[in-house]
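A.B. asks: Could you look at this predicted model? Sequence included:
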Amino acid sequence: MPKEGIVEVEGKILEVLPNQMFKVQLENGHMITCYTGGKMRKWRIRLVAGDKVKAEMSPYDMEKGRITYRL
């Protein structure tokens, strides 16, 4: 359940970057840079290009996000 003011979006990983960062294309075509959330790092959930993911974004910075779930 997202916190108040957080925008939840779904997208597809296009590129894997160093340091657990990813280029994600949202359903509306917008590209953002995402990092993995805390539980995903803790349990070492692997993400590869082509995976569908759910990400959280702040309404103040629409270029960055946090991946919270792999679909």
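C.D. replies: Thanks, I have it.
A.B. asks: tell me which element Y35 is part of?
C.D. replies: Taking DSSP states H and E as the criterion, Y35 maps to strand 31-36.
A.B. asks: immediately after that strand, which helix or strand?
C.D. replies: Where DSSP H and E defines the elements, the next helix or strand beyond strand 31-36 is helix 38-42.
A.B. asks: Name the residues of that following helix that are buried.
C.D. replies: Across helix 38-42, burial judged by 16 or more other CB atoms under 10 Å covers M40. Using the backbone N, CA and C atoms, a C-beta is placed for each residue, glycine as well.
A.B. asks: State the next helix or strand along the chain beyond that helix.
C.D. replies: Past helix 38-42, the next helix or strand by DSSP H and E is strand 52-58.
A.B. asks: average pLDDT across that next one?
C.D. replies: Averaged over strand 52-58, pLDDT sits at 96.
A.B. asks: Not counting its own residues, what contacts it?
C.D. replies: Among residues not part of strand 52-58, those counted as contacts by CB atoms under 8 Å, 6 or more residues apart in numbering are 2, 5-13, 22, 24, 32, 34, 37, 47, 64-71.
A.B. asks: List buried members of those by neighbour count.
C.D. replies: V9, G11, I13, F22, V24, I32, C34, G37, L47, G65, I67, T68.
A.B. asks: quick one: contacts for the fourth one?
C.D. replies: Listed by CB under 8 Å, 6+ apart, the contact partners of F22 are I13, E15, V16, T33, C34, Y35, T36, L47, V53, I67.
A.B. asks: Likewise for the fifth one?
C.D. replies: Taking CB under 8 Å, 6+ apart as the criterion, V24 is in contact with G11, K12, I13, L14, M31, I32, T33, C34, V53, A55, G65, I67.
A.B. asks: looking at the sheet around it, what are its partners?
C.D. replies: Beta-bridge partners for V24, by DSSP bridges, are I13, I32.
A.B. asks: I'd like the distance between it and T33.
C.D. replies: The spacing between V24 and T33, counted by CB to CB, to the nearest Å, is 8 Å.
A.B. asks: In the chain, what helix or strand scores lowest on average pLDDT?
C.D. replies: The weakest-scoring helix or strand in the chain, judged by mean pLDDT, DSSP states H and E, is helix 38-42 (a mean of 92).
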